[in-house]
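In: sequence and predicted model, in that order:
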Amino acid sequence: MNASDYLQRSTLCRKLIHRPYGEFARVYAGRLSDEGFVQQCTWRSLSLFRELRDWHVGNGHDLQHLSEDHVERFLEHRSRHWSIDSGGRSALRRLLATLRQEGLIPTAIPIERTEHEQIGDAFAAYLTNERGLAASTVEGHKLLSRRFLQEVCPAGADGFAVLTPEIVIGYVERHALDGSADSGKAMCGVVRAFLRYLHLKGFISVALADCVPSIRRWRLAGLPTFLPPQKVHCSRCLRSDHGMGLRDYAVLMALAKLGLRASEVAALSLDDIDWQSGSVLVHGKGRRQAMMPLRHDVGAAIVAYIRHGRPASLCRRLFLRMLAPHVGFASGCAVTMIAKEALERAGIHGYAHHGAHLFRHSLATDLLRSGASFAEIGQLLRHRSIDSTRIYAKLDIEKLRELSLPWPGGVQ
């Protein structure tokens with residue numbers, strides 16, 4: 001039973017609406033109904049609202065002055081008697097947002113930002129407005145630059161004057177091995193960009209960006225991880241007729257047949273598909289867009305999901321969360337988890353990488369072994385440079401045999 005059906009017969013809802021602050025309850029119940037919450041979540045949310053109302057009014061406060069501070073004190077009080085439900089805090093955040101949207105309580109008081117946070121916000125604004133970076137890239141730069149600031153300049157802007165090449169190099173040496181070599185290289189790039197920004201804005205007088213060491217990474221040194229075609233087919237065959245199964249199957253088809261990245265699948269919207277021409281608009285890396293043909297089997301999987309599995313929602317994203325609120329994925333991480341779970345259910349183990357990109361590599365490898373050219377594969381995968389496609393040459397064993405020289409001294 002969904003929220004709308006439950007609210008029509010709910011005694012709890014009727015009592016809340018006909019008691020003091022009934023307008024608050026009515027607005028909140030309407031929000032739960034619009035977002036498609038099930039009966040249990042709706043009952044729990046309304047029960048939590050009743051407890052908050054009684055506690056707040058019982059302490060001599062007007063519910064019209066409700067704020068985050070009151071909610072935190074209520075949760076602290078409640079934790080002394082009952083364990084806090086994992087969804088309780090998010091339910092109360094949803095309550096505050098709903099009441100503010102309807103003008104029933106004042107807007108939130110801005111939280112005072114620390115000096116490190118203010119510098120990070122200014123750096124993020126610079127990357128967005130002047131460098132034109134995507135929002136996800138800006139967030140990553142903002143996080144890494146804040147970590148750098150907190151360690152080498154704990155005093156804030158006052159510590160910029162004592163920054164030296166030795167301090168910068170020491171920071172890189174301490175953290176270069178925190179993750180993979182690619183992560184270390186990305187960290188150096190962010191530190192270099194941040195120091196360049198500080199020098200540009202006059203925070204530091206010496207150009208320290210050039211002293212950031214580089215992490216050596218040999219181009220095309222590794223091998224792409226890929227699945228044989230039969231295993232790709234096996235991982236996609238695990239489907240069901242319920243909503244989540246139809247959604248996950250359509251996601252896997254987009255990964256395996258179109259070679260999309262996880263973030264590109266998550267960003268797809270209903271408006272990106274042109275059913276008449278059989279094409280789909282893909283929002284790729286670097287804010288680039290490309291119109292791609294929509295294969296018939298991928299389109300059939302998407303149609304089945306839209307007709308029989310996609311929750312009713314005002315959100316225009318193609319793939320939605322199955323649990324309320326029914327909105328699009330926050331990032332490509334959800335698509336990666338769908339791919340990982342599909343591989344796990346299919347019993348596919350022993351590969352260096354288990355995620356959405358494995359399907360992209362598998363498609364490219366299969367096309368290459370079927371006779372497709374590097375130009376055709378690069379066009380399908382939307383590579384900016386042919387060098388990104390050349391890595392798959394290492395996987396064409398038959399062509400590599402033609403290049404091999406006889407072993408000196410004969411066959412060993």
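Out: Happy to help now that I have it. Numbering: from 1, shown residues only.
In: when you work out contacts or count neighbours from here on, use the C-alpha atoms and nothing else.
Out: Will do.
In: for the helix or strand in which Met292 is found, what is the distance to the chain centroid?
Out: Met292 belongs to strand 289-293 when assigned by DSSP states H and E. Computed by CA atoms, centre = their mean, to the nearest Å, the chain-centroid distance of strand 289-293 equals 22 Å.
In: again with stretch 264-278
Out: When C-alpha coordinates are averaged (CA atoms, centre = their mean), stretch 264-278 and its chain have centres 19 Å apart.
In: burial measure for Met337, as a count.
Out: Summarising burial for Met337: neighbours were counted as other CA atoms under 10 Å, giving 15.
In: related to what we said a few turns ago, got a list of contacts for the strand holding Met292?
Out: Residues lying outside strand 289-293 but in contact with it, judged by CA atoms under 8 Å, 6 or more residues apart in numbering, are Gly278, Ser279, Val280, Leu281, Val282, His283, Gly284, Arg382.
In: quick check: closest non-adjacent residue to Ile169.
Out: Val212 (6.1 Å; CA to CA, 6 or more residues apart in numbering).
In: surely the one you found is in contact with Val172?
Out: Yes - under the criterion of CA atoms under 8 Å, Val212 is in contact with Val172, at a separation of 7.5 Å.
In: and for these two, which residues touch both?
Out: Taking CA under 8 Å, 6+ apart as the criterion, Val212 and Val172 both touch Cys188.
In: for Met292, see how far away the spatially most central residue of the chain is.
Out: Computing the C-alpha centroid of the chain and ranking residues by CA atoms, centre = their mean puts Ser331 first, at 1.9 Å. Taking CA to CA, to the nearest Å as the criterion, Ser331 is separated from Met292 by 21 Å.
In: just Val152 next, same as before
Out: Counting by CA to CA, the gap from Val152 to Met292 is 47 Å.
In: ok, now Arg73?
Out: Summarising the geometry, the distance separating Arg73 from Met292, computed by CA to CA, is 53 Å.
In: likewise for Leu343?
Out: In this structure, Leu343 and Met292 are 26 Å apart, going by CA to CA.
In: name the nearest residue to Val57, sequence neighbours excluded.
Out: The shortest distance from Val57 to any residue other than its chain neighbours is 6.7 Å, reached at Leu63 (CA to CA, 6+ apart).
In: can I assume that neighbour is in contact with Leu52?
Out: No - assessed by CA under 8 Å, Leu63 is found out of contact with Leu52, at 9.3 Å.
In: count of residues packed around Val251?
Out: The burial count for Val251: 27, using other CA under 10 Å.
In: residues in contact with whichever strand or helix holds it?
Out: Using DSSP H and E, Val251 maps to helix 243-258. Judged by CA under 8 Å, 6+ apart, the contacts made with helix 243-258 from elsewhere in the structure are 232, 236-240, 260-262, 265, 294-295, 297-298, 301-302, 304-305, 308-311, 319, 322, 335, 338-339, 356-357, 359-360, 362-363, 380.
In: let me see the mean pLDDT of that helix.
Out: Helix 243-258 shows an average pLDDT of 90 in the prediction.
In: now it: buried residues?
Out: By neighbour count, and taking 16 or more other CA atoms under 10 Å as the criterion, the buried residues in helix 243-258 are 243-244, 246-258.
In: now, which of these sits nearest Gly30?
Out: For the buried residues of helix 243-258, the residue nearest Gly30 by CA to CA is Gly243; the value is 24.3 Å.
In: thinking again about what came up before, now do the same contact list for the residue nearest to Val57.
Out: Tyr21, Arg53, His56, Val57, Ile105.
In: most neighbours among those residues, please name it.
Out: The member of the contacts of Leu63 that has the most neighbours, counting by other CA under 10 Å, is Arg53 with 21 neighbours.
In: wait, is that one part of a strand?
Out: No - secondary structure of Arg53, determined by DSSP: H, G, I helix; E, B strand; the rest coil: helix, with no strand assignment.
In: tell me the confidence at the nearest residue to it once chain neighbours are set aside?
Out: Leaving aside its chain neighbours, Arg53 sits nearest to Leu63 (6.9 Å; criterion: CA to CA, 6+ apart). Note on Leu63: pLDDT of 88.
In: and Leu63, how far from Ser385?
Out: Leu63 sits at a distance of 59 Å from Ser385 (criterion: CA to CA).
In: got it, and Lys340?
Out: Relative to Ser385, Lys340 is positioned 28 Å away (criterion: CA to CA).
In: of these two, who's got more company?
Out: Here Lys340 and Ser385 are set side by side on neighbour count (other CA under 10 Å), and the busier one is Lys340, at 19 against 11.
In: host element of the more buried one?
Out: Here Lys340 is assigned to helix 333-345, by DSSP H and E.
In: next, the angle from that helix to helix 243-258.
Out: Computed by axes from the mean of the first three to the mean of the last three CA atoms, to 10 degrees, the angle separating helix 333-345 from helix 243-258 equals 90 degrees.
In: going along the chain, name the helices of the stretch 1-150 of the chain.
Out: Counting by DSSP state H, counting those that start in this stretch, one finds helices in the stretch 1-150 of the chain at the ranges 3-9, 11-17, 22-34, 39-58, 68-79, 88-101, 115-129, 135-152.
In: between helix 115-129 and the last one, find me the angle.
Out: This points to helix 135-152. An angle of 150 degrees separates the directions of helix 135-152 and helix 115-129 when computed by the same axes, to 10 degrees.
In: moving C-terminal of helix 135-152, what's the next helix or strand?
Out: Tracing the chain past helix 135-152, the next element assigned as helix or strand by DSSP H and E is helix 165-175.
In: packing partners for that next one?
Out: If contacts are counted by 3 or more CA pairs under 8 Å, 6 or more residues apart in numbering; DSSP states H and E, helix 165-175 sits against helix 135-152.
In: the stretch 251-400 of the chain: helices as residue ranges?
Out: Per DSSP H, counting those that start in this stretch, the stretch 251-400 of the chain has helices spanning 262-267, 296-308, 333-345, 356-369, 374-381, 387-390, 397-403. These are given in chain order.
In: lowest average confidence across the ones you listed, which one?
Out: Comparing mean pLDDT over the helices of the stretch 251-400 of the chain, the weakest stretch is helix 397-403, at a mean of 59.
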